[in-house]
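Q: Predicted model follows, preceded by the sequence.
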Amino acid sequence: MKLLQALADGAVVAKRNLIKIKRVPDLLVFSTAAPIMFVLLFAYVFGGSIEIPGMDYREFLMAGIFAQTVLFGATITGSGLAEDMTKGIIDRFRSLPMARSAVLVGRTTSDLVNNALVIVIMMITGLIVGWRIHSSPLEALAGVALLLLFAYAFSWAMAWIGLLVRSPEVFNNASFIFIFPITYIANTFVQSDRLPPVLRHIAEWNPVSAVTLAARELFGNTSPLQTPPDVWPLQHPVLASLGWVVVFLLIFVPLANYQYKRAVAR
């Protein structure tokens, strides 16, 4: 009964956050502007100097852009919670007869919907610049679902950080410092075996590398000339990505809920 109540209350909070996107469409516009810029920049400026054996660089690129996009999209969860804490919205929620977990459930769910919209826009952009899906429709849908599932799990980590810092400005700086290296020290834009030895080992065990390679395989954007490194996460990227999803949820769902209880008790 409590679970159903929490889900119902979370749906109300999610609706409130989605209405905000409708009233302030700039949120969606600017969350897609940067990824589109990255697509154009890497495809037309750097793409000519980056060779991928057996395939066009643009097809190699798009899975990395998708992974980067959903990770940056997940930061909306943290910045939104930090903003709500600053403006006193959370205090208003406390006065309502609703489950405490509804705020976090609603926030992460609404940002999942936002990420889905952004991925659709990015896929259209990719098709325009020459990216193509070479797998079956079911495999392609599985690729999108895996990206969104990974983003949802990661958004709980961002929720915890957003409640920890309690300031949108601090959160934006902190999240950028964290997300920027994990999206670049990976196989998102170049093959990991081209990185220096230390960075290559980091990239091979980076969860972003696993989900990026999983998306490439599910979209059919791989080549027989490319052999993944001999490490388990990149030999089994789909399973590794699902494993990271479970790890993120097991760690950060309790942490985010605990931090929320501490924050509202101040």
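A: In hand now; what should we look at?

Q: Check which helices and strands the longest helix along the chain is in contact with.
A: For the chain, the helix with the greatest residue count under DSSP state H is helix 57-87. On a contact count with 3 or more CB pairs under 8 Å, 6 or more residues apart in numbering; DSSP states H and E, helix 57-87 meets helix 26-40, helix 89-94, helix 101-129, helix 137-165, helix 168-184, helix 207-219. Heads up, the C-betas are built off the backbone N, CA and C, glycines and all.

Q: redo that, cut-off 10 Å
A: Here helix 57-87 touches helix 2-23, helix 26-40, helix 89-94, helix 101-129, helix 137-165, helix 168-184, helix 207-219, helix 237-265, going by 3 or more CB pairs under 10 Å, 6 or more residues apart in numbering; DSSP states H and E.

Q: quick one, it and helix 237-265 angle?
A: For helix 57-87 against helix 237-265, the angle by axes from the mean of the first three to the mean of the last three CA atoms, to 10 degrees is 10 degrees.

Q: looking only at pLDDT, what's the mean for helix 57-87?
A: Mean pLDDT, computed over helix 57-87, is 87.

Q: re earlier: ok, which of the helices and strands packed on helix 57-87 comes nearest residue 76?
A: Of all those, helix 101-129 sits nearest to residue 76, with 4.9 Å by CB to CB.

Q: Could I get the buried residue list for stretch 221-239?
A: Judged by neighbour count using 16 or more other CB atoms under 10 Å, the buried positions of stretch 221-239 are 221, 222, 228, 229, 231, 233, 234, 236, 237, 238.

Q: any chance of those in a markdown table, with distance to residue 177 too?
A: Output for those, formatted as a markdown table (distance: CB to CB, whole Å):
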| residue | distance to residue 177 |
| --- | --- |
| 221 | 30 |
| 222 | 32 |
| 228 | 29 |
| 229 | 27 |
| 231 | 26 |
| 233 | 24 |
| 234 | 26 |
| 236 | 30 |
| 237 | 26 |
| 238 | 29 |
